[in-house]
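> this one's sequence-less:
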DNA sequence: TTGACATATTCCCATATAGGCATATTATTC
DNA sequence: GAATAATATGCCTATATGGGAATATGTCAA
């Protein structure tokens, strides 16, 4: 099998840095495509393609206004990423890392403990 | 160009669900490969390959113990993901979403305001 | 209608994937 | 040293990617 499609979920969609940039820009408010094109310095077709991916995973929504299409952030699909990664917060937090070491040490010191404790 | 390599960064490495599962398991402590193979129900070579990717982006570390190789979580590279996605927290939080609407409305009500305010 | 502007789609290509399977590598025990 | 256990690597294939370039679609204005 090949890699999962970028449109599979937010995890895949957001793995591409350019798409994260787009979301960063849209965090500042609704914007037409050309605005993104200029700010990113990327060819218009590529921007449209990235926006399509983001739309398909529900990370952005569009609204037509005259000849422009205004894209806006709809970050809901990012929540699963946040939730998942948050659970690992302790793994890069020195405070927690130190605690883990203590726990590991304790575990090592009572290797035959069956957990009953009596 | 093709998609960026999975080993480019944590964003790409973690886009694959199986690799997230592996990290979830390792969050419970150091584990030999076979242990992961059993718990995941995935062929051993695939697990080794996923572990390689995770190692290359620094999400896991290995330690040899006899004929086994004990993998453990080193979640530091997840921090950038956390930091990035955290900035969007408001976008799926109703509270903040409501605030945003208010702000947008205010902005709409003073369309000719040059920001000077005097 | 014609033309100009804004955006989307299509085609082409080099590249890397993930899984299946076979096999290589390394370490252990007899 | 041979057999075995634990893990890693190599090869194969279908598939999708992201960028470039050209072009299609859609919308307004004169």
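Great, that's in hand. Since we're looking at a predicted model, the values are computed, not measured. Residues are numbered from 1 along each chain as shown, chains lettered A, B, ... in the order given.
> how many neighbours does the closest residue to residue A:48 other than its chain neighbours have?
Nearest non-adjacent residue to residue A:48, counting by CB to CB, 6 or more residues apart in numbering or on different chains: residue A:33, 6.4 Å away. Where you see a C-beta, it was placed from the backbone N, CA and C, and this is true even at glycine. Applying other CB atoms under 10 Å in any protein chain shown, we find 16 other residues in the vicinity of residue A:33.
> Using the three-state scheme, assign the residue in chain A positioned nearest to DNA strand D.
Per CB to the nearest atom of the strand, residue A:2 is where chain A lies closest to DNA strand D, at 2.8 Å. Secondary structure, DSSP: H, G, I helix; E, B strand; the rest coil: residue A:2 is coil.
> can you count the residues close to it?
5.
> how about low-confidence regions in chain A?
A:95-118 (pLDDT under 70).
> Get me the contact residues on it for chain B.
A:3-4, A:6, A:11-12, A:14-17, A:20, A:23, A:27, A:29, A:73-76, A:78-79, A:81-82, A:84-92 (CB under 8 Å from any CB of the partner chain).
> Pull out the buried members of those.
For the residues of chain A next to chain B, a burial check counting by 16 or more other CB atoms under 10 Å in any protein chain shown picks out A:6, A:11-12, A:14-16, A:20, A:23, A:73-75, A:78-79, A:81-82, A:84-85, A:88, A:90-92.
> Could you list which of these also contact DNA strand D?
A:6, A:16 (CB under 7 Å from any atom of the strand).
> C-terminal to the helix or strand containing residue A:22, what's the next element?
Using DSSP states H and E, residue A:22 falls within helix A:17-26. Scanning forward in sequence from helix A:17-26 by DSSP H and E, the next helix or strand is strand A:31-32.
> And that next one, what does it pack against?
Judged by 3 or more CB pairs under 8 Å, 6 or more residues apart in numbering or on different chains; DSSP states H and E, strand A:31-32 is in contact with strand A:68-73.
> sorry, back to before: how about the helix holding residue A:22: buried residues?
A:19-20, A:22-23, A:25-26.
> And the residues you listed, which is closest to residue B:61?
Among the buried residues of helix A:17-26, residue A:20 lies closest to residue B:61 (CB to CB), at 26.9 Å.
> near DNA strand C, anything from the one helix or strand residue A:34 maps to?
Secondary structure assignment for residue A:34, by DSSP H and E: helix A:33-40. Yes - using CB under 7 Å from any atom of the strand, helix A:33-40 comes into contact with DNA strand C via A:33-34, A:37.
> Could I get the contacting residues of the closest residue in space to residue A:11 that isn't next to it in sequence?
Once flanking residues are discounted, residue A:11 sits nearest to residue B:15: 4.7 Å by CB to CB, 6+ apart. Residue B:15 makes contact with A:3-4, A:11-12, A:15, B:6, according to CB atoms under 8 Å, 6 or more residues apart in numbering or on different chains.
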